[in-house]
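Colleague: turn this into a model:
(2 chains)
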2 protein chains.
Amino acid sequence: MRSIGVFDSGVGGLTVAREIIRQLPNESIVYFGDTARVPYGIKSRETVIRFSVENILFLLKHDVKLICVACNTASSLALPSIKNNFRVPIIGVITSGAREAVYASQNKRIGVIGTKGTIKSRTYETEIKQLDRKVKVTAVACPLFVPFVEEGWTSGEVVLSVARSYLKPLKDAGVDTVILGCTHYPLLKPVIQEVLGKHVILIDSAKQVAFEIKKILTGEEMLNRGRGGKHRFYVSDNPEWFSSLARRFMGRKLTNVRKVDNV
Amino acid sequence: MRSIGVFDSGVGGLTVAREIIRQLPNESIVYFGDTARVPYGIKSRETVIRFSVENILFLLKHDVKLICVACNTASSLALPSIKNNFRVPIIGVITSGAREAVYASQNKRIGVIGTKGTIKSRTYETEIKQLDRKVKVTAVACPLFVPFVEEGWTSGEVVLSVARSYLKPLKDAGVDTVILGCTHYPLLKPVIQEVLGKHVILIDSAKQVAFEIKKILTGEEMLNRGRGGKHRFYVSDNPEWFSSLARRFMGRKLTNVRKVDNV
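Modeller: Numbers count the residues shown, from 1 in each chain, chains lettered A, B, ... in the order given. From the prediction side, this is the model:
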């Protein structure tokens, strides 16, 4: 009856939580959003590792049976060096996205968009190359996308102009598949699709990650036997702001968001 | 021979540090930028107070004789409740900006722009009303301005469109004076001036704050007697990123930025 732990720098990881709930309706989730220190995307590897370890320790206090790092930046910068330090299985979002993209691409030209931290780490590129050395990867950071989404500017000429500027290298490279390497980006799908063209496949790793979690829990015989999961949401700051954004990311309002004083 | 302490959520406070150095060339500065937890503008009063107290305690370890809160959000949300808890004089940026605006305005219609936290706190409005009850204040949050400045998007059609959208209430209100209530905004002066028109006076509190610090140190006979101040810059993350942005905010490169592990 133990819960699945999910953490993110803020609200973006709710897109992943939503998918876990959809695929595993009998599982309970403990979600932690580090809204006091959001965003992670501009911060150093060292700092993202420190924050991630603190978030994991918080989730472990809730006796979780598996931890999902829903944040692409934390998955890229922190996961490789910390996942073997803990006994609990820790799943990031990079491998799933990379695998799905390699599977989807016909012309072996894959684009990756993400925060500065994610792109600079080249973790997606490394994962993709391990699956298929022949794939050509074009990766660009889109640092204004997160503030645009959080401020609700997800359509219109302004965000289209910014998207055109950011995505030009992907168009020039002729990619047929693009990984949305940040949990905020699915909310910009219509804009990104308009700029890249309808033929380009956009990969949002949430579905694949939830599927992977299901596989692990099934394999380890750790699935909940009871019916109907119960979900708890914790943040390090601004529970009201988190709740109000939740509707956009989660598709429904969250009423039971609690602020925790220290991580 | 003690130093002046300056803190900010990140790099923006360098516009204030630069002005202190210009007006008080024999003073030494200890600057702290909380780049591990930047930005403050979207965070709650409670969290901004906690971060500000930690930053003040860090500066006090360096035996500073006066502390300048260069961040508008921290000045608005934290300063009123914490300034009397410390023996060292603590100067924010709100009072100076409010005073200069009231002095400059002819038609008694003043605009204020800032982060969500600064605008929601209504601190500028309170300060202005205390100086002149007849002034009509129009205050709007411009949350995308900070990411635009940090990403170097300070001109062009995209930022102009966003500025037109944000500043419309100020134009509609017929303000003749606007307080740039965030240390990042002076870098958007040309854009803001273009949208508002040449007749509108833009108030950037850095000069006035430095002048106030000079006045206090002179009054208390605490000015340095030696010649040529020495400046130290500390950050909680990403010293290289801070250095690279410093050129834009400070007008010169900083080579001696040190990362401190805990605040």
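Colleague: what comes up buried for the helix or strand of chain A with the lowest mean pLDDT?
Modeller: In chain A, no helix or strand scores lower on mean pLDDT, DSSP states H and E than helix A:239-250, which sits at a mean of 92. Along helix A:239-250, these residues count as buried under the neighbour rule (16 or more other C-beta atoms under 10 Å in any protein chain shown): A:239, A:241-243, A:245-246, A:248-250. From N, CA and C alone the C-beta is placed, and that goes for glycine too.
Colleague: quick one: the closest residue to A:Ser105 other than its chain neighbours from A:His184, how far?
Modeller: In space, and not counting its chain neighbours, A:Ser105 is closest to A:Thr177: 4.1 Å by C-beta to C-beta, 6 or more residues apart in numbering or on different chains. Taking C-beta to C-beta, to the nearest Å as the measure, A:Thr177 falls 19 Å from A:His184.
Colleague: out of those two, which sits in the busier spot?
Modeller: A:His184 (27 against 22; other C-beta atoms under 10 Å in any protein chain shown).
Colleague: and the more buried one, how far is that from A:Ala101?
Modeller: For A:His184, the distance to A:Ala101 - C-beta to C-beta - is 18 Å.
Colleague: and if you look at A:Pro80?
Modeller: Going from A:Pro80 to A:Ala101 by C-beta to C-beta gives 19 Å.
Colleague: A:Ser161 now?
Modeller: A:Ser161 is 26 Å from A:Ala101, by C-beta to C-beta.
Colleague: for A:Val235, same thing?
Modeller: From A:Val235 to A:Ala101 the distance is 31 Å (C-beta to C-beta).
Colleague: now A:Ala246
Modeller: From A:Ala246 to A:Ala101 the distance is 28 Å (C-beta to C-beta).
Colleague: A:Leu60 too?
Modeller: A:Leu60 is 31 Å from A:Ala101, by C-beta to C-beta.
Colleague: and for A:Val257?
Modeller: Using C-beta to C-beta, A:Val257 is found at 33 Å from A:Ala101.
Colleague: these two: who's more crowded?
Modeller: Neighbours were counted for A:Val257 and for A:Ala101 using other C-beta under 10 Å; A:Ala101 has more, 30 against 21.
Colleague: and the pLDDT at the more buried one?
Modeller: Looking at A:Ala101, its pLDDT is 98.
Colleague: which SSE is it in?
Modeller: If you go by DSSP states H and E, A:Ala101 is part of helix A:94-104.
Colleague: now the element after that helix, going C-ward?
Modeller: Heading C-terminal from helix A:94-104 (DSSP H and E), you reach strand A:109-114.
Colleague: next structured bit after that following strand?
Modeller: Using DSSP H and E, the next helix or strand after strand A:109-114 towards the C-terminus is helix A:116-121.
Colleague: what's next to that following helix, contact-wise?
Modeller: For helix A:116-121, the external contacting residues (C-beta atoms under 8 Å, 6 or more residues apart in numbering or on different chains) are A:40-45, A:48, A:72-73, A:76-77, A:112-113, A:124, A:139-141, A:143, A:181-182.
Colleague: gap between it and the chain center?
Modeller: From the chain centre to the centre of helix A:116-121 is a distance of 14 Å (C-alpha atoms, centre = their mean, to the nearest Å).
Colleague: buried residues in it?
Modeller: Across helix A:116-121, burial judged by 16+ other C-beta under 10 Å covers A:116-121.
Colleague: with pLDDT added, can I get these in TSV?
Modeller: Listed next are these as TSV, based on pLDDT from 0 to 100:
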residue	pLDDT
A:Lys116	96
A:Gly117	96
A:Thr118	97
A:Ile119	98
A:Lys120	97
A:Ser121	97
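Colleague: what's the closest of these to chain B?
Modeller: Using C-beta to the nearest C-beta, A:Lys116 is the member of the buried residues of helix A:116-121 that lies nearest chain B, at 9.0 Å.
Colleague: where does the prediction get shaky in the stretch 151-263 of chain A?
Modeller: Scanning the stretch 151-263 of chain A for pLDDT under 70 picks out A:262-263.
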